[in-house]
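Enquirer: Predicted model follows, preceded by the sequence.
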There are 2 protein chains.
Amino acid sequence: MMGGDYAPLEAVKGAVAFTAEYDLPELHLLLIGDEEQIRACLADHPLPSEKYTIVHASQVIGMNEHPTKALKEKKASSIAIGFNLLSAGEADAFISAGNTGAMMVGALFSIKTIEGVLRPTIGAYMPREDGKLGLLVDVGLNADCKPENLNQFAILGSLFSRHILNFEEPRVGLVNLGEEEGKGNILAQATYPLLKENKQIRFIGNIEGRDILLPKAEVFVCEGFTGNVLLKFAESIYDITKRRDIHDEHFDRFNFEQYGGVPVLGVAKPVIIGHGISQATAFKNMIRISMRMLQTDLMGKMKASFTGDLRPRL
Amino acid sequence: MMGGDYAPLEAVKGAVAFTAEYDLPELHLLLIGDEEQIRACLADHPLPSEKYTIVHASQVIGMNEHPTKALKEKKASSIAIGFNLLSAGEADAFISAGNTGAMMVGALFSIKTIEGVLRPTIGAYMPREDGKLGLLVDVGLNADCKPENLNQFAILGSLFSRHILNFEEPRVGLVNLGEEEGKGNILAQATYPLLKENKQIRFIGNIEGRDILLPKAEVFVCEGFTGNVLLKFAESIYDITKRRDIHDEHFDRFNFEQYGGVPVLGVAKPVIIGHGISQATAFKNMIRISMRMLQTDLMGKMKASFTGDLRPRL
């Protein structure tokens, strides 16, 4: 509850909005943070008492603190407690709009990686004019990648796209500087044949920068350096439209805040990292996505993809 | 004259427009291409006879031909003849909106690289809301780079920014996934100290994707993979604004076609590669940029930067 610029009020409002919109008997929210502050917010925005438990956290990791150091030293922070509950099985999913680095470090070191996954990844949504969402993986967790990492991101991204973004057979494109096979840097050239031979995904070849916002593929694979630069560039486009008073339904969807955070894919439990400027809708959507990850048993499907033989499972 | 989707008419119109706008006694245009077609265009769009010579080229390299193969086999193509004239000193600059790959191969292998330059680069303009242009280098000529390559792109880009884009002391930013020193992939981490110690440039640190369209720096340095994906992504933003009937002065500047091609930096003579969809204004601007490169002795300044001691020359 303590993460983000508007904590804990907007987090509380998001929890209230989710609970009001979705009637899920199995839902129980653990509100982790400063108990007094959370209670004050709940006074104005009440939640049914059977729907939540407050888990007091006396510390907060600031947005500019060093992730590893802060997580190690602030055992009573909401992020540290959240990861403890998640790894102990007392929580099924963990969501925070707090310190992104601490969330990444926590996801990597507190939660087990799915067996067989070399590196977990973080995906981000790419808004398409048809109202649907593409998925760009990786967007910053892995600045340097090996071809096999990208091949695994393609599997993880495809499963997320299928079960959470509702594409029956998501197409995978390899982000590249040209369309033809054989184009690209050393990494892209070495990744292409792996994707081509991967029967778990629907690979459609190279995708250029100009096609990432088009419905040519549903999953766009690249290392986290290019993905991160691209994502932040796309975010800045939204800022420009706002500054210039441009009102357009499609460009409004470049407001990445509304999507409610990006999933960490490849770890054994749902972890969603929210934007620092998350407000109620973002928190509501983060809860919705994590619920959907649980309801569809996405983690189970990911585990199955990385164990046993490699029959196509999509 | 045979390059681009509207050849040779738009190339001829561009030459006419440039000649009408700039009164340069030293200007003489070599119009390389099919003589008959060029004459037909000149009949409707006349050029003062002392301002041009037609150099007949009986072949054309198609937009989809293999660059190296085509350049080797089509000795009578307008691109092959152009590079021959340039390397022989019979032309001072070469401009074409033809096959981009053939233009790159020609620039790399027909024209000498400036002594000391490890790899030439291609820069692209990034429109800023203040009406000025940032420069992103590299945008695709070098998919894989070493730190020293990026360090040299920073010098070449700074000189272009100073003398052609008129920034007195262009600031250089290293494109990266975080702002703090130490962030990034292996390449960016290794490049940072080189840029920091480079006294020929004004390095201001890491620049994130969200800052590339802002006036935080004038030269943005990255390898050609990320740069190419980013440039084409930016181009697609313009396409979206057109499809959605958005009219905005700033987004209109995302129409990269208007800038008239991107310079190859690091080769000994001006080579400008135009967009395939170049029309008259683009051709006019390409001639203007190459004239400015000659008038400011940009190549001489680049040569000086890579010879002798490393006193700051900016």
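Expert: That came through, no problem. Numbers count the residues shown, from 1 in each chain, chains lettered A, B, ... in the order given.
Enquirer: any weak-confidence spans in the stretch 201-314 of chain A?
Expert: A:308-314 (pLDDT under 70).
Enquirer: Which residues of the stretch 201-314 of chain A lie near chain B?
Expert: Taking CB under 8 Å from any CB of the partner chain as the contact definition, the stretch 201-314 of chain A meets chain B at A:208-214, A:222-226, A:228-237, A:239-240, A:243-244, A:246, A:248, A:250-251. Every residue, glycine included, has its C-beta placed from N, CA and C.
Enquirer: And the strand or helix carrying A:G157, what's buried?
Expert: Using DSSP states H and E, the element containing A:G157 is helix A:147-163. Of the residues in helix A:147-163, A:147, A:149-163 count as buried by neighbour count, 16 or more other CB atoms under 10 Å in any protein chain shown.
Enquirer: got it, and stretch A:57-75?
Expert: A:57, A:59-61, A:65, A:67, A:70-71, A:74.
Enquirer: Return the member of those nearest to A:Q189.
Expert: Nearest to A:Q189 out of the buried residues of stretch A:57-75 is A:P67 (CB to CB; 33.3 Å).
Enquirer: on that earlier part again, now, the residues of the stretch 201-314 of chain A next to chain B that are in helices?
Expert: A:224-226, A:228-237, A:239-240, A:243, A:250-251 (DSSP state H).
Enquirer: continuing past the helix holding A:G157, what's the next helix or strand?
Expert: strand A:171-175.
Enquirer: elements contacting that following strand?
Expert: Applying 3 or more CB pairs under 8 Å, 6 or more residues apart in numbering or on different chains; DSSP states H and E, one finds that strand A:171-175 contacts helix A:147-163, helix A:186-197, strand A:202-207, strand A:219-221, helix A:224-243.
Enquirer: what do you get if the cut-off is 10 Å, keeping everything else the same?
Expert: strand A:133-137, helix A:147-163, helix A:186-197, strand A:202-207, strand A:219-221, helix A:224-243, helix B:224-243 (3 or more CB pairs under 10 Å, 6 or more residues apart in numbering or on different chains; DSSP states H and E).
Enquirer: How about exporting that strand as CSV, limited to the C-alpha atoms?
Expert: Below are the C-alpha coordinates for strand A:171-175, written out as CSV (Å, rounded to 0.1, in the frame of the first residue of the first chain):
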residue,chain,number,x,y,z
ARG,A,171,2.1,-14.3,-33.2
VAL,A,172,5.7,-13.7,-32.1
GLY,A,173,7.9,-11.2,-33.9
LEU,A,174,11.6,-10.7,-33.4
VAL,A,175,12.4,-7.0,-33.1
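Enquirer: Now do it and helix A:224-243, the angle between them.
Expert: For strand A:171-175 against helix A:224-243, the angle by axes from the mean of the first three to the mean of the last three CA atoms, to 10 degrees is 100 degrees.
Enquirer: Now do strand A:171-175 and helix A:186-197, the angle between them.
Expert: 160 degrees.
Enquirer: right, and A:V271 touches A:T121 too?
Expert: No: if you go by CB atoms under 10 Å, A:V271 and A:T121 don't touch, sitting 11.8 Å apart.
Enquirer: Pull up the overlap in contacts between these two.
Expert: Common neighbours of A:V271 and A:T121 (criterion: CB atoms under 10 Å, 6 or more residues apart in numbering or on different chains): A:262-265.
Enquirer: now the residues you listed in CSV, with neighbour count and secondary structure?
Expert: Listed next are the shared contacts of A:V271 and A:T121 as CSV, based on neighbours: other CB atoms under 10 Å in any protein chain shown; DSSP: H, G, I helix; E, B strand; the rest coil:
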residue, neighbour count, secondary structure
A:V262, 28, strand
A:P263, 29, strand
A:V264, 24, strand
A:L265, 29, strand
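Enquirer: Many thanks, have a good one.
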